[in-house]
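Trainee: Generate a structure from the sequence data that follows.
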Amino acid sequence: MSLFKARDWWSASLGEGEEFDQGCLCVGNVDNSGNGHDKVVVGSYMGMLRIFAPQASKSGEGGVTDTQLLEVQLQNAIIQVEVGKFVSCSDLLHLAVLHPRKLSVYSVSGTAGNVEHGDQYQLKLVYEHNLKRTACSMTYGTFGGVTGHHSVCIQSMDGMLMFFEQDSYSFGRFLPGFLLPGPLVYNTRTDSFLTVSSARQLESYKYETLAVATEAESRQDPDLPPKTGGKKLTPDWTFILGEQALDLSVPSFSHSSASIFILGERNLYCLRDNGQIRFMKKLEYNPSCFLPYASVMDGTTNLLLGNHTNMLLVYQDVTLKWAAQLAFVPVAVRVANFPELKGVVVSLSSDGHLLCSYMGTDPSFFSTPKVDAREADYEQVDAEMKKLQKFIREATRTQDILPKSDAETDLTVKAAVSSSMDTPSQAVIPDTDGLSVPSVTVQVKIKASCVLQASKLMVSVQAPLAVTKDQFVLESMGVGSSTVVSFSVFLNGRYPPADLSGDITVSYSSPTGVPRVLQSKFSLPLLLVCTPSPPAKTSKFKISVDTNQPPVNLNTIFPEFLVKSEDKDGNAVAFQFLSGASVTVVASKTSQRYRVQSDSFEDMWLVVKELLHRFDQHFSKLGVKDFRKSFSGPVPLQDYFLSVDNHFQLRLTAQQYQDLLSERAVQFRAIQRRLLTRFKDKTPAPLQNLDTLLDATYSQVITLAEAAEENHTLLEEAFVRLRSATHLLVLLLSLWQNLTPDQSSILEAALLPLLQDTPQLGWEESCDAAVTHLLRTCLSRSPKDQAASLAQIGSPLLGLPRDTTRLKKHITLLCERISKGGQLTLASETNVQVPAHIQNLAAPGGVEPIAEGAGEGEELELPQDATKFLKKKQPSKKVKKVKEKEKREVSREQPEETRGAEEPVKEARREKKESRSKEEPKKESKKESSSSKEKKESSKEKKDKDREGKETSKEAVEKKASRKSSVKVKEMKNEPHAEDG
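Mentor: Have a look, this model is predicted:
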């Protein structure tokens, strides 16, 4: 990209933390040297004035300090710098510096040095003007046609133009209709001033008009007559831009191309001196600055234009001639002549990056080095090939979607949970069933290893847990700085959560501007959701966990729950949840078994998880390495299915409420339309109790909405309890079959595919699809079944099922397959080899979706094309009888109308099959004659059946139409009575 990149000739970084803008850069022979070469003058908002004489940087010699002529710290901020003839009786150039409340004119002089330090430059104040109003910008020129020296016009923030002729103040005028200051420029050719007002139009004021206008001592109401003599100030001409202007420029290098250039936010305008438009160009980017610099052809103007995409564009009128890439967004651009190079582009950024560059290319002297011709070491190449193949295999096996970054993090987040509960508690609900609701404080420490700005921290916990504050806006952080954020977590519901962990997410931008997100987890104590209680002797649900170590005193495992325990031996500990359920843990005195019992199956999950976690910590402290946990079974599927049915029933109820609400809403709108028609009627008519019906419908809508809202709350609670029960089921299956952590995560992802229910997608259908996928892939009976399932294209849409029978059968089948040695792995899906004929069937239209068997006795149904290659076991006679009975029952349940409508379809399919058989070649003439007779007879029978089917379908349609027409007739009959009554 060297062809379209600005070539760096000289550059400098001006200070740290300083700000620069459009008027902070100018070029000119400010020291009045004899060679007439330009110098670069830069002023900053921090009051720092610098003057440079750039020269080409050579390796091994001085840097920026050799080219810097002067650096002076002024007392006030520098708004604008200009070089011109600002001193009377002198043809030398001087430097005008505009401050917010002062205009200073300086002379820059250099003294030749006799030592190696070089020349010395001094800045002397010639005169200054103290301003009564805050300045915004200034322009200079030969106002009134006076030659030999320059006058200065300063625009204030409140719209006053102040004119200065060298060291004396001339007059001041207020611009009419002023609101905000805009760019200001002087046109020497017409002796007028150009500015863009708040009305987004370009206005031109002649100097003569400004001089004879009303004197501006203070701003006056434009509607009132002037206090003193003079004319009312009005512009000579205006041009509506329709947008705010960023900059104005009136180039004076050629009279043949006399133009006025306006840089807008989205357009570039070029006008003549009388306000007529020459051309306009719509810009496809956000411009930042521009400069007309030359006229190569008569009637045309070349200009430089910088934008916010770090590009410097060269236009000849509206034609783009060159584009160069910069390293920053320029806010000011100038063209200067230096001793070694003419026409250098000087650009300045808002943060002080000063660059002198040129456009073009440098020749490339790179030549491709010769490669040594040597024989290849085949053993080394073979070893490298095997190593690369190993990397490729490992990369294809991993299931990670996001790449792992090896770079050090810019931020470290550590969360510390307090060991004691808060006093007083920060909970919104003070007590639940007579038990006080506690809260615990979590402190998060964030430490930065680089400069970070605009960081945000978000906290999320599982429902019904809540936090006092979930979002924090962090202040700017330096290298090595740290900050601490604290919040409290408490229970905000009548049921325990499914997980006692929380997530902390910190979003920030790296020093290079790349957005990043850092996540961290923290675990909450069990004491947050339950309290100690006496052990219960009898319970409805029981789970036993075995270990290979001697029994442990439970009081040492749960020391914080020792308050109300009456068991001195430590064989039993009870947990009373704030929602009302109690869970008891009993340790056997003779065996290595622990029993967890409760009247709520879902509430045992948190206790069992905490129990196993503390066992691991306890035996790891003792140095036991072969500690194992197990579950002897059976898996409590029936207890788990109670939670499934409860959740599914609430979903059905929610759907029913939704349907009823939509019906009542339609009825409510219909009644409203009837009432509106009655009210608009000129002749008043009785309402016929429509108002009573409207009130009753409204009350029904409100009642249904409240019931739906209450059902939604119960559904959220049921889903949290279902998640707890599912977590417990996954844990028991893992202990039962000694599953690895990866297998347990696959099983948990299949049984818990959603973190929350939605009306469009619920847990039942998602779980059923995930479990069915496992049964068809890694838990399939044979590799052939797995290959056929991989060749399957498409899947049915997920929706609310009619019941949970299919889901229960699939979960039961999943547990049976796992108990028989099935391996839960995702690698089998990629490693299995699909036969070639199955791959051919995977083309569009090759294979239909495969129906999954409900139990062990059923087989997967494959298409006819697939049965040629896959051998399928024939079902037993019992299975056939059962299928025939089911078909008979289904056929009996179907109404006669639908059966009559389905018969023509079946007959049409038979005719298609027979037409295909007709096209096949016949080898024997006897068979042909016999088959033709049979076909004729069968065709007659089929025609008769078709006629019967059509007649039945017509009768069915006529019945439906008669019913609809009867309903319409009734409605038509009722409406006249209603209107008459």
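
Trainee: Tell me how this structure divides into domains.
Mentor: For the chain, the TED database gives the domain ranges 6-216+233-359, 411-526, 529-631, 637-819.

Trainee: First-to-last residue distance for the shortest one?
Mentor: Taking Cα to Cα, to the nearest Å, the span from the opening residue of domain 529-631 to its closing residue is 26 Å.

Trainee: So what's the gap between it and the chain middle?
Mentor: What separates the centre of domain 529-631 from the centre of its chain is 44 Å, taken as Cα atoms, centre = their mean, to the nearest Å.

Trainee: Let me see the mean pLDDT of that domain.
Mentor: Averaged over domain 529-631, pLDDT sits at 85.

Trainee: For the closest residue in space to residue 721 that isn't next to it in sequence, give its distance to residue 717.
Mentor: Once flanking residues are discounted, residue 721 sits nearest to residue 602: 4.2 Å by Cβ to Cβ, 6 or more residues apart in numbering. Backbone N, C-alpha and C define where each C-beta goes, glycine included. Distance of residue 602 to residue 717, computed by Cβ to Cβ, to the nearest Å: 10 Å.

Trainee: same check, this time on residue 749
Mentor: Plainly put, residue 749 is 23 Å away from residue 717 if you go by Cβ to Cβ.

Trainee: what does residue 68 give?
Mentor: Residue 68 is 73 Å from residue 717, by Cβ to Cβ.

Trainee: just to revisit the earlier point, pick out whichever of residue 749 and residue 717 has more residues nearby.
Mentor: residue 717 (19 against 13; other Cβ atoms under 10 Å).

Trainee: Report the contact partners of that one.
Mentor: Counting by Cβ atoms under 8 Å, 6 or more residues apart in numbering, residue 717 makes contact with 464, 493-495.

Trainee: For the residues you listed, which two are the farthest from each other?
Mentor: Spanning the widest gap among the contacts of residue 717 are 464 and 494, at 7.7 Å by Cβ to Cβ.

Trainee: neighbour count winner among the two?
Mentor: residue 464 (20 against 14).

Trainee: hang on, the more buried one packs against residue 499?
Mentor: No. Contact criterion Cβ atoms under 8 Å: residue 464 and residue 499 do not qualify, at 11.6 Å.

Trainee: now the domains of the chain as JSON lines including distance to residue 381?
Mentor: Shown next, in JSON lines, are those (distance: least, Cβ to Cβ, whole Å):
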{"stretch": "domain 6-216+233-359", "distance to residue 381": "42"}
{"stretch": "domain 411-526", "distance to residue 381": "39"}
{"stretch": "domain 529-631", "distance to residue 381": "44"}
{"stretch": "domain 637-819", "distance to residue 381": "35"}
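
Trainee: Go through these and name the closest to residue 392.
Mentor: Shortest distance between residue 392 and the domains of the chain, using Cβ to Cβ, is found for domain 637-819: 21.1 Å.

Trainee: what's the spacing between the closest one and its chain's center?
Mentor: For domain 637-819, the distance to the chain centre is 28 Å (Cα atoms, centre = their mean).

Trainee: Can you dump the C-alpha atoms of stretch 261-271 in PDB for me?
Mentor: Output in PDB follows, covering the C-alpha atoms of stretch 261-271 (Å, rounded to 0.1, in the frame of the first residue of the first chain):
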ATOM      1  CA  PHE A 261     -15.200  27.200  -1.000                       C
ATOM      2  CA  ILE A 262     -17.400  25.900   1.800                       C
ATOM      3  CA  LEU A 263     -16.800  22.600   3.500                       C
ATOM      4  CA  GLY A 264     -20.000  21.200   5.000                       C
ATOM      5  CA  GLU A 265     -20.700  18.200   7.100                       C
ATOM      6  CA  ARG A 266     -21.700  16.200   4.000                       C
ATOM      7  CA  ASN A 267     -21.100  18.400   1.000                       C
ATOM      8  CA  LEU A 268     -18.400  20.500  -0.600                       C
ATOM      9  CA  TYR A 269     -19.700  23.800  -2.200                       C
ATOM     10  CA  CYS A 270     -18.000  26.200  -4.600                       C
ATOM     11  CA  LEU A 271     -19.600  29.600  -5.200                       C
END
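
Trainee: Residues contacting it, please?
Mentor: So stretch 261-271 is contacted by 196, 202, 239, 241, 243-251, 259-260, 277-283, 286-287, 289-290, 292, 301, 303, 305, 315, 317-318 (Cβ under 8 Å, 6+ apart).

Trainee: Alright, calling it a day.
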